[in-house]
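A.B. asks: mind folding the following:
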Amino acid sequence: MTYPALRTWIAGVAEDSPESDGTWLHDPNTGEALVASASSSLDQVGRAVTAAQQAHDDGRWRGLAPERRAEKLEALADWLDERAEEVAHLDALNSGVPISVTRLFGGANGATLRDAARRAVAVGDSRALAAEHGPVRLHRVPWGPTALILPWNAPSAMAVKKTAFALAAGATVVLKPSSFSPWSAQLLLEGVHAVGIPDAVVGLVQGSGGVGRSLVADERIAAISMTGSTPTGRAIAATAAPRFARLQLELGSNNAAIVRTDADLEQTAKALADGVLKLSGQWCEAPRRVLVDRARRDELAGLLIAEFGRRAIGSSLDDATEVGPVAFAGRRDELVEQRERLAQAGAELLRVTQVPAQGWFFEPTVAVLDGPGLADEVFGPLLLVGGYADEDEAVALANTGQVGLAGYVFGADEHAAAALGTRLVAGEVKVNGASVLDMSPESSQSFFGASGLGGHGDADVLDFFVGKQIVGSDRPGLPL
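C.D. replies: Predicted coordinates:
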């Protein structure tokens, strides 16, 4: 197969990415080296921001009516629809996520663009406000050039979602995909160029941490939307703080699930296994810690490892695979190290041992240990099961450590389970399920605690890219 060249896009032109650190992109299913990595130069990063600034200043995109921007986004949606299978294949190779899942992402990218366009048209760029003395209007004004820092675990979905809502809002953007999963962003830029979105409205730079640091440190970058690890988010926040760049940071969280005493353990185990093994365990809102009545802890752990063992583990390119490899060798090595630390702390380890010998496969594991678990985020098919004496202790444990994104409660009495869910420090709490998608089209989720800044929910994402400005006739005769 021919893989997309790792080009740098500046002002509508694809340039070679000339830098190299000697690393390669690998097939996570076999460990085979596929193509050498390539990185943008720091000069290219600066020129990409310059182009985005010029496009913002001259209004070539934000100056269009929302309806005209929507037409271009619709065209890009059609372009991506035609390449959904190619996107699915590339994402499965870049992330290790089974192709049955990446097909869902690839097939939904067009719908994401259309939804962003529809929402922006409905909201509009300007509207009149109630005022008896004269005209007063509210304007939605893009902040300026925006950096989109993308994760590696859902490459096309995150690239398209961030880009779609930024463009719908009228912002100009520079994308920086993960160096582990750069191919979907390449295709997206090809589409942007093909459908005639004005040059420099969307730029793309390639590379690892140094390129990202250069991009977010550029004082012309007015806003930064990033999904990724907590250490990277902290570094971005520290860099952006002196100039008060706007931030949306979706970071890590060791999401807890509380199993109430009235829960059906077999159904709970199935739902939790489904949740933790989705995307090969690599999604930020997956359940990471399960808290259950101490007398039922070992029973639930046994049911969970049995459920893990029923899942088909294999190549991310195999239609039958339910759990693929993790994305890269370093991800697997960190999971192995975390599992070893849990064992040293006294955890009983239950493993699925039948996994392929080649590639970046990690044996799905249930670690049985009371207490809050590891301080650092676990990001893969490794689940901690611990006991509690009562629900107050369960809530205290669930709210300990790095939390804030998601939580889960299981129980036969759904009203009581939901009431317990309100006590969790989390932006989203699901009762009796662990699905990836939002529970409502109107969902709006804040990032609590150390899990980030801002939130998600489509209305929130659209709002992030703009500031609100009031312009109108001042009220006469006011006392102050």
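
A.B. asks: confidence score at residue 185?
C.D. replies: For residue 185, the pLDDT comes out at 97.

A.B. asks: now do the contacts for it.
C.D. replies: Going by Cβ atoms under 8 Å, 6 or more residues apart in numbering, residue 185 touches 150, 155, 159, 175, 177, 204. (Each C-beta comes from the backbone N, C-alpha and C, glycine too.)

A.B. asks: give me the nearest residue to it, chain neighbours excluded.
C.D. replies: Nearest residue to residue 185, sequence neighbours excluded (Cβ to Cβ, 6 or more residues apart in numbering): residue 177, at 4.0 Å.

A.B. asks: and the one you found, how many neighbours?
C.D. replies: Counted with other Cβ atoms under 10 Å, the neighbours of residue 177 add up to 28.

A.B. asks: low pLDDT regions in the protein?
C.D. replies: Judged against pLDDT under 70, the chain has no low-scoring part.

A.B. asks: buried stuff in the lengthiest helix in it?
C.D. replies: When the chain is parsed with DSSP state H, its longest helix is helix 99-123. By 16 or more other Cβ atoms under 10 Å, the buried positions in helix 99-123 come out as 99-103, 105-106, 108-110, 112-121, 123.

A.B. asks: also stretch 10-26?
C.D. replies: Judged by neighbour count using 16+ other Cβ under 10 Å, the buried positions of stretch 10-26 are 10-12, 15, 17, 19, 25-26.

A.B. asks: and stretch 74-85, by the same measure?
C.D. replies: For stretch 74-85, burial by neighbour count (16+ other Cβ under 10 Å) applies to 74-77, 79-81, 83-84.

A.B. asks: then stretch 134-154?
C.D. replies: Using 16+ other Cβ under 10 Å as the test for burial, stretch 134-154 gives 136, 140-154.

A.B. asks: ok, stretch 295-308 next?
C.D. replies: The neighbour-count check on stretch 295-308 (16+ other Cβ under 10 Å) flags 296-297, 300-308 as buried.

A.B. asks: ok, the residues you listed vs residue 351, which is closest?
C.D. replies: residue 305 (7.6 Å; Cβ to Cβ).

A.B. asks: let's verify the closest one: helix, strand, or coil?
C.D. replies: Following DSSP: H, G, I helix; E, B strand; the rest coil, we place residue 305 in the helix state.

A.B. asks: who are the neighbours in contact with it?
C.D. replies: Counting by Cβ under 8 Å, 6+ apart, residue 305 touches 350-352, 366.

A.B. asks: and if we set it to 6 Å?
C.D. replies: By Cβ atoms under 6 Å, 6 or more residues apart in numbering, the contact set of residue 305 is 350, 366.

A.B. asks: roughly how far apart are it and residue 264?
C.D. replies: Distance from residue 305 to residue 264, counting by Cβ to Cβ, to the nearest Å: 18 Å.

A.B. asks: what does residue 47 give?
C.D. replies: Counting by Cβ to Cβ - residue 47 and residue 264 are separated by 59 Å.

A.B. asks: the more surrounded of those two?
C.D. replies: Comparing residue 47 with residue 264 by neighbour count (other Cβ under 10 Å), the higher total belongs to residue 47, at 18 against 14.

A.B. asks: which SS state does the more buried one fall under?
C.D. replies: helix.

A.B. asks: quick check: closest non-adjacent residue to it.
C.D. replies: Once flanking residues are discounted, residue 47 sits nearest to residue 10: 5.2 Å by Cβ to Cβ, 6+ apart.

A.B. asks: dihedrals phi and psi, the one you found?
C.D. replies: phi -130, psi 120 (degrees, to the nearest 10).

A.B. asks: now residue 8
C.D. replies: According to degrees, to the nearest 10, residue 8 has phi -110, psi 130.

A.B. asks: which helix or strand contains the nearest residue to residue 209 once chain neighbours are set aside?
C.D. replies: Once flanking residues are discounted, residue 209 sits nearest to residue 232: 7.8 Å by Cβ to Cβ, 6+ apart. Residue 232 belongs to helix 230-240 when assigned by DSSP states H and E.

A.B. asks: just to revisit the earlier point, go ahead and confirm the residue nearest to residue 185 touches residue 150.
C.D. replies: Yes - if you go by Cβ atoms under 6 Å, residue 177 and residue 150 touch, sitting 4.5 Å apart.

A.B. asks: pick the one among the buried residues of stretch 10-26 closest to residue 40.
C.D. replies: residue 17 (5.0 Å).

A.B. asks: show me the domain layout of the protein.
C.D. replies: 8-251+447-470, 256-431 (automatic domain parsing).
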